[in-house]
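Q: show me how the following folds:
(2 chains)
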Amino acid sequence: MDAYTEAVVIKVGIAILLALGYWVTVATGKYSFGHAAFMSIGAYTASILTLKFDLPLELAMLVGGLAGAVIGAFIGWIALRLSMLYLAIITFAFAEIVRILLDGWDYVGGATGLFGMTGTTVELVAVCIAVVVVYLFFLSRSRKGLSYEAIREDEQAARACGLGVTRISVEAFAVSAAITGVAGALSAHETLIITPNLFGAPQSLLIILFVVLGGVQYFWGAIVGAVVLTMLPIWFDFLEDYYQITYGLMFVLLMILRPQGIVGRGTDRRINLGSLRELATSRRGGGGDE
Amino acid sequence: MLIQQLVNGVLLGTTFALIALSFNLVVGALDRLNFALGETAMVSAICAALLVSQADVPFVVAFVLSLLIGAVVAALTYLLSFRFVSPKYHTAPILSSLGVGLVITSLVTRTFGSDQRRVPTVLEDVRFELGPLVVTGDQLIILVVAALLTGLLYVFLNRTTWGTAIRGVSDDADTSGLLGVPVQRVILLTFVLSGALAGASGLLTGLSFHTVSPFTGFETTLTALMVVVLGGLGNITGGVIAALLIGVVETLTVAYVSATFRDLLVFILVAVTLVVRPQGLFTRQSGVAARV
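A: Now for the predicted structure:
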């Protein structure tokens, strides 16, 4: 494999990891708009460990994932009782706070960031993806996977059936943050240099696009979305300046023709139905008009 | 000094208030957020700035044109990313309006280049000094125009047939439709109004900083989102108060703490508000949907 192919494969692999990680929380119907923050937490934790403490990447990567999980659980515990839109805003605000704090922290280089990380290999990325895919394969067929789906389709009904909705969602959010943290660590050791601005709103948005484009119903939809979105800039290279316009119009067309994403069944099933304002208000104190 | 900063903050807040109003209108009509509104504001501001600085068009004409451009762009956004997208999917219009935003930004940079554009001072010699307080002519224009537009919108929504129709659709689109309100046309009208407001806010923001950049579209959307959430989703009065509050907080942070922490404080404020009062600072307990 020549260097170029290897770089592309690693890039696609990390995108797949990010998409799979994000899918875990989307599986419970919770959309985070700040997943790049967990990426940066994983990336910075692992980079500090490999650069300043000479730990091997494999270990540093796992610690990065753990850091993501702990902070993810904390944020989830605060934010997951909020409704869809407000969850989106608070996770976004969290990501910006992390970015601004890293920007002002001299130990990790501030705005210039850290550099000199190496070591991500195709094999390492492949192993990580394999572990996550096996986990999701069994999750999708387990009782827990079923409870995720129940919460996604109708949270109130799930609660009425005796599911601990908040506990399950927080757990899913933490797992999601852990996978994203590992992906962040791997990407840091591939790109050689990380700055806080790499993990801003555009990166969070890209992760969401992977999953929504691919389709939220099955986890392999996320894989399809990640591969397509990462390869598009390479495939559409000949468009040059018209690339962004094509890209934007593609989303418009896709949402009109297949709002459920590339993979997934049609619209006969209920997915996030209901009014945004009702969604925004009904979770706290049972709402006023019920 | 403090009073001067407060005045500057309120002035910054008035431009936020316009864009927040424009978001809230769409939330009311369709229960959706139009993520291309920031780019709509940007394209209006760029076109108006070019007309004023290069073609010597009077500011008033450019301002009216910015309203028109905003309205047209918002109507196109409605057709592209809302009209034909299945209402069953909450995420679909978010993605497609983000897509429209992307198209707008790259069309603008292709057509006009990616340089920042200058918005020249309108009232050069006007300057009011009230004791230690200084208000420039441009700041006065921003304040008056923003207040005027907000007032006009208020009168339009509360005193005219079409305004009543907008409020009706906002409360309950199905019932309004049964009672003979042309719901689709009312929604289109709402988008046109929100686009015009966004255009005005784009040009006024440009006037207050004297520059317009083609890359600020998404940033504007984010600021507006913070304001809308802080004031309570769909709550028009709350949005205005929250906009002024955020304007003052940002100005005071830049003046007394540091420019890097400008956004940090706003984000913390919004995050804490969401946890403590998720219905927004200025909405009654049960929220908009339940109150109706």
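Q: residues touching stretch A:142-152, excluding its own?
A: Here stretch A:142-152 makes contact (CB atoms under 8 Å, 6 or more residues apart in numbering or on different chains) with A:26-29, A:139, A:157-158, A:161, A:163, A:165, A:168-169, A:172, A:216, A:271. Placement of C-beta: from N, CA and C, glycine included.
Q: please flag which of those residues sit within helices.
A: Among the contacts of stretch A:142-152, DSSP state H puts A:V26, A:L139, A:A157, A:A158, A:V165, A:I168, A:S169, A:A172 in helices.
Q: right, and the first one touches A:G215 too?
A: By that I understand A:V26. No - assessed by CB atoms under 8 Å, A:V26 is found out of contact with A:G215, at 10.2 Å.
Q: quick one: which of these two has more around it?
A: Legend: neighbour count by other CB atoms under 10 Å in any protein chain shown for A:V26 and A:G215, higher for A:V26 (25 against 22).
Q: just the buried ones out of the contacts of stretch A:142-152, please.
A: A:26-29, A:139, A:158, A:163, A:165, A:168-169, A:172, A:216, A:271 (16 or more other CB atoms under 10 Å in any protein chain shown).
Q: okay, these in TSV with pLDDT and distance to B:L148 next?
A: Putting the buried ones among the contacts of stretch A:142-152 into TSV (pLDDT from 0 to 100; distance: CB to CB, whole Å) gives the following:
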residue	pLDDT	distance to B:L148
A:V26	88	44
A:A27	88	49
A:T28	88	47
A:G29	84	43
A:L139	91	57
A:A158	89	50
A:L163	88	53
A:V165	88	48
A:I168	92	52
A:S169	91	46
A:A172	93	49
A:V216	80	45
A:I271	45	43
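Q: count of residues packed around A:P233?
A: By other CB under 10 Å, 11 other residues sit near A:P233.
Q: secondary structure element holding it?
A: A:P233 belongs to helix A:219-235 when assigned by DSSP states H and E.
Q: which residues of the stretch 101-250 of chain B lie near chain A?
A: B:101-103, B:105-107, B:110, B:218, B:222, B:225-226, B:229, B:233-234 (CB under 8 Å from any CB of the partner chain).
Q: list just the nearest of those to B:L189.
A: Set against B:L189, the nearest of these by CB to CB is B:G234 (17.2 Å).
Q: does that closest one really touch B:G28, like I thought?
A: Yes - the pair B:G234 / B:G28 is scored as a contact, 5.2 Å apart, by CB under 8 Å.
Q: which strand or helix spans whichever residue of the stretch 51-200 of chain A sits closest to chain B?
A: Proximity to chain B, evaluated over the stretch 51-200 of chain A using CB to the nearest CB, is greatest for A:A93 at 4.0 Å. Secondary structure assignment for A:A93, by DSSP H and E: helix A:84-103.
Q: out of the ones in helices among the contacts of stretch A:142-152, what pair is the most spread apart?
A: A:L139 and A:A157 (20.8 Å).
Q: all strands of the stretch 101-250 of chain B, in order?
A: B:117-118, B:127-130, B:133-136, B:211-212 (DSSP state E, counting those that start in this stretch).
Q: figure out which of those is closest to B:I3.
A: With distances scored as CB to CB, the stretch of the strands of the stretch 101-250 of chain B nearest to B:I3 is strand B:133-136 (6.0 Å).
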